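[1] Need the 3D shape of this:
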Amino acid sequence: MNAPPRFAHGSRAPGWDKPVDLAKEPAGVPGPAQVEVPPQLREEIEARMAEYPEPRSAALPALAAAQRLHGWCSPQAIEQVAGVMRVTPAYLESLATFYDMLETSPAGRHSVYVCTNISCSLRGADALFDAIAAAAEGDPDVNVRAFECLGACDIAPMASVDGTYVGPLEPGDAAALLEDLGAGRPVLPERQLARRHVAEHADGAELLLLEGIDEPGLATRAVYERRGGYQSLRRALAMSPEEVLAQIEASSLRGRGGAGFQMGKKVSFLPHGAMRKYLVCNADESEPGTFKDRELMQKSPHMLLEGIAIASYAAEITRAFIYVRGEYELQARVLAAALAEARDAGYLGERILDSHHSLDVVLHRGAGAYICGEESALLDSLEGKRGNPRLKPPFPAIQGLYQGPTLINNVETLATVPAIIRMGGERYAQLGVETSTGTKVVSVSGHVQRPGNYELPLGISSREIIYGLAGGPPAGREVKCWFPGGSSAPVLTAADLDVPYDFDSMGKAGSMLGSGAIIVVDDSTPILDVALKLARFYRHESCGKCTPCREGTNWTVKMLERIDAGEATPMDLEIMASVQEHIIGNCLCVLGDAMAMPIGSMIEKFRDEFEQHIERARERRGLGDLAASDGALAAQGGLEEHLPPAGALAASGAGSGAPGEHGGRPGTQKGGA
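    Numbering: from 1, shown residues only. As a prediction, the model looks like this:
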């Protein structure tokens, strides 16, 4: 069966605006006499609660456990969790309606999530979704959803089948996929992601993270140790925390998650001495087009754990959390097994390798929300709340998780730390270029012949990445535009292919390196299709906390839809560009900017194509051409007088209940990125 309509993260379920029944007794915490909890569920929830300094952090794992038992977050399931955790059902319901992987209505036993975000869409994902949905029509056991980026753009178009990633797929594969699923067989085993090798690199390339990453058994401690694993941790523990930090600072390693802030400086901002401090590994890799962290966690989890142990020692931290996105089922299992091995060997836990340093690491799984990739929203989610960004300052380094100083870095950044300690910070800094040191794992997807993860020295030509390594667009096609740093980066064109791929050069070119994910769009795709796909994604994923993002993303979608429907004039482009400018820099977090920057760049670089689309769409509707549109626009006066006053956006409520969509049909899209 297909999923019922779901609502965007920032909206509420139908009926949220109804008046409160004051005669009704307020809902409290269910007592033991009110709700009977299956012993196995109670045991699992209580075990998870014991892992956290504050038991409420176990809310997402507890709801996930209840959903596995009941099939969905039913009122009974929520009451059982509330009874064990000693919270109100209303509190848990607020979480279940926010996170996309928590079902709030009955769903089939099997889940088929078809990624329909930009990279997969460029390779035919919308047709794939339609084929699978049609083939599963009427089957109550199969829950088919169009999902946002699942972090597997290298096998696009793809689907997650009960957590197993399969691709590339074609519409003709729908019947075989569902047949395997129904028979209980492995689904299309030859095309499962777990069997895919890393992309081929040039001979002689210096690889720090991907070298030999496909060696059988590397995910186990024995093979990792045989290759020299955990020797950097031993070396670090023989140094003082200050000496380890000095090596990280000397490397000039910039964060690989998006912001590009130097890791050493971030560590130095934390207060020194013994106190309640935390390290959080952001493994909620959800930027469309990005899948590098997925490969690192899946194939070399001990490298990440070693990096976490070293970084925690440098920052004098004794509690760490790995927040991994809920969709990464395989990667979470691999990390859990590696954590157990590392604890057994004394690499984690009390007095690591007989040193004075101790570290407790908890693996925490999200439940599907792109906004949780933002560091403060991630912290709220980790504390058992809805993933809403926090007002800054204070910054996490001063007041983060559980109000304590917190170091937050992503998977690739932390996985690089063992190499820095092994080779020395100064030697590492000699790789790349002066302001962008080291190597970078770059995810390349979209219209290229060899999509995949490529590790390369920063400063290399972008053309060499897109054409030399990834093979460029299909024969007969040319690059129309490309995103250098995931879908939130302003687009560049074929004229920018020779720009060096590093942080500063990308900034000077008018874009950003971001998460290090290149998405290539060739000349077969209308720019309006790309803009609509992005705007709808960010509208759905907005948490709704601040007005410029909540309303600006919705206005942008509506204006793009006006263009496609033949209802727009060139003035709409001016208004839309102005809306993007009003969003940028005016949101609590960068989600609004993440839509406004690429959309604004598309209007700037492809205005002629937008205007041609307007002309053709109006002609289809019989509204005539707009040859004199420039004069008409001038006659209408300045742009600003046509925009609503600042307060009108908040008062209008436009879009507050807008559901996600797939191909323009409400109710079939899930967030999940």
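[2] make it CA atoms for all contacts and neighbour counts henceforth
    OK.
[3] average model confidence for the helix or strand where A596 lies?
    A596 is part of helix 591-605, with elements assigned from DSSP states H and E. Computed over helix 591-605, the mean pLDDT rounds to 96.
[4] Pull out the buried positions in it.
    591-603 (16 or more other Cα atoms under 10 Å).
[5] That one packs against which elements?
    Packing partners of helix 591-605 (3 or more Cα pairs under 8 Å, 6 or more residues apart in numbering; DSSP states H and E): helix 527-541, helix 547-565, helix 570-583.
[6] For S105, which non-adjacent residue is closest in space?
    Among residues not flanking S105 along the chain, W72 sits closest, at 6.3 Å (Cα to Cα, 6 or more residues apart in numbering).
[7] re the thing from before, Throw the helices and strands packed on helix 591-605 into TSV and include mean neighbour count, thanks.
    Converted to TSV, the helices and strands packed on helix 591-605 look like this (neighbours: other Cα atoms under 10 Å):
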stretch	mean neighbour count
helix 527-541	24
helix 547-565	22
helix 570-583	19
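[8] For V142, which of those helices is the nearest?
    The closest of the helices and strands packed on helix 591-605 to V142 is helix 527-541. By Cα to Cα, the value is 23.8 Å.
[9] Alpha carbons of that closest one, as PDB, please.
    Taking C-alpha atoms only, helix 527-541 is exported to PDB below (Å, rounded to 0.1, in the frame of the first residue of the first chain):
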ATOM      1  CA  ILE A 527      16.800  24.200 -15.100                       C
ATOM      2  CA  LEU A 528      13.300  24.700 -13.800                       C
ATOM      3  CA  ASP A 529      13.000  21.000 -12.900                       C
ATOM      4  CA  VAL A 530      16.200  21.300 -10.900                       C
ATOM      5  CA  ALA A 531      15.000  24.400  -9.100                       C
ATOM      6  CA  LEU A 532      11.600  22.900  -8.300                       C
ATOM      7  CA  LYS A 533      13.200  19.600  -7.000                       C
ATOM      8  CA  LEU A 534      15.400  21.600  -4.600                       C
ATOM      9  CA  ALA A 535      12.800  24.100  -3.400                       C
ATOM     10  CA  ARG A 536      10.300  21.400  -2.600                       C
ATOM     11  CA  PHE A 537      12.900  19.500  -0.700                       C
ATOM     12  CA  TYR A 538      13.900  22.400   1.500                       C
ATOM     13  CA  ARG A 539      10.300  23.400   2.000                       C
ATOM     14  CA  HIS A 540       9.500  20.000   3.300                       C
ATOM     15  CA  GLU A 541      12.600  19.800   5.500                       C
END
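[10] In which helix or strand does the closest residue in space to E567 that isn't next to it in sequence reside?
    Spatial nearest neighbour of E567, excluding adjacent residues (Cα to Cα, 6+ apart): R618 at 6.7 Å. In this assignment (DSSP H and E), R618 forms part of helix 607-620.
[11] Can you give the distance from that helix to the centre of its chain?
    33 Å (Cα atoms, centre = their mean, to the nearest Å).
[12] pretty sure D523 contacts V479?
    Yes: taking contacts as Cα atoms under 8 Å, D523 lies within contact range of V479: 6.1 Å.
[13] the strands in the stretch 251-400 of the chain, which residues?
    Using DSSP state E, counting those that start in this stretch, the strands of the stretch 251-400 of the chain run over 278-283, 319-324, 360-365.
[14] Pipe those strands into TSV and attach mean pLDDT and distance to L92 per row.
    Formatted as TSV, these follow (pLDDT from 0 to 100; distance: least, Cα to Cα, whole Å):
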stretch	mean pLDDT	distance to L92
strand 278-283	98	24
strand 319-324	98	20
strand 360-365	98	16
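[15] looking at those, which is buried most?
    strand 278-283 (a mean of 26; mean count of other Cα atoms under 10 Å).
[16] now for it, which elements pack on it?
    helix 301-314, strand 319-324, strand 406-410, helix 411-423.
[17] could you redo the last one with a cut-off of 7 Å?
    strand 319-324, strand 406-410, helix 411-423 (3 or more Cα pairs under 7 Å, 6 or more residues apart in numbering; DSSP states H and E).
[18] who does the first one pair up with?
    This means strand 319-324. strand 278-283 (parallel), strand 360-365 (parallel) (DSSP bridges).
[19] Could you point out which of those sits nearest T116?
    Using Cα to Cα, those put strand 278-283 closest to T116, at 21.5 Å.
[20] follow-up on the earlier one: now flag whichever of the buried residues of helix 591-605 is closest to R254.
    Looking across these and measuring by Cα to Cα, the closest to R254 is A594, at 20.1 Å.
[21] Quick check: the gap between the closest residue to the closest one other than its chain neighbours and A517.
    The shortest distance from A594 to any non-neighbouring residue, by Cα to Cα, 6+ apart, is to S488 (4.2 Å). S488 is 10 Å from A517, where distance means Cα to Cα, to the nearest Å.
[22] quick one, what contacts T318?
    278, 312, 358-360 (Cα atoms under 7 Å, 6 or more residues apart in numbering).
[23] mind running it again at 8 Å?
    277-278, 312, 357-360 (Cα atoms under 8 Å, 6 or more residues apart in numbering).
[24] okay, these in TSV with distance to V37 next?
    TSV is the format used below for the contacts of T318 (distance: Cα to Cα, whole Å):
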residue	distance to V37
K277	35
Y278	33
S312	38
H357	40
S358	36
L359	33
D360	30
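[25] can you count the residues close to the residue nearest to A594?
    28 (other Cα atoms under 10 Å).
[26] any idea how far the spatially closest residue to Y224 that is not a sequence neighbour lies from M423?
    Excluding the flanking residues, the one nearest Y224 by Cα to Cα, 6+ apart is L218, at 5.5 Å. Distance, L218 to M423, by Cα to Cα: 21 Å.
[27] which residues in the stretch 101-250 of the chain form helices?
    118-121, 125-135, 174-183, 221-226, 231-237, 241-251 (DSSP state H, counting those that start in this stretch).
[28] And the last one, how far out from the chain middle?
    In terms of Cα atoms, centre = their mean, the centre of helix 241-251 is set 30 Å apart from its chain centre.
[29] again, but for the second one
    When C-alpha coordinates are averaged (Cα atoms, centre = their mean), helix 125-135 and its chain have centres 23 Å apart.
[30] buried ones in that helix?
    So helix 125-135, judged by 16+ other Cα under 10 Å, has buried residues 125-133, 135.
[31] can I get these in a markdown table with pLDDT and distance to G459?
    Shown next, in a markdown table, are those (pLDDT from 0 to 100; distance: Cα to Cα, whole Å):
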| residue | pLDDT | distance to G459 |
| --- | --- | --- |
| A125 | 97 | 33 |
| D126 | 96 | 36 |
| A127 | 97 | 38 |
| L128 | 97 | 37 |
| F129 | 97 | 38 |
| D130 | 97 | 41 |
| A131 | 97 | 42 |
| I132 | 97 | 42 |
| A133 | 97 | 44 |
| A135 | 96 | 47 |
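[32] quick one: which of the residues you listed is nearest Q449?
    Once Cα to Cα is applied, the member of the buried residues of helix 125-135 that ends up nearest Q449 is A125, at 16.7 Å.
[33] Quick one: residues contacting the closest one.
    A125 touches 114-116, 156-158, counting by Cα under 8 Å, 6+ apart.
[34] Nearest to G31 among these?
    Using Cα to Cα, those come closest to G31 at V114, 40.6 Å.
[35] beta partners for that closest one?
    Beta-bridge partners of V114, as defined by DSSP bridges: A146, A159.
[36] so it touches G151, yeah?
    No: using Cα under 8 Å, V114 makes no contact with G151, being 11.8 Å away.
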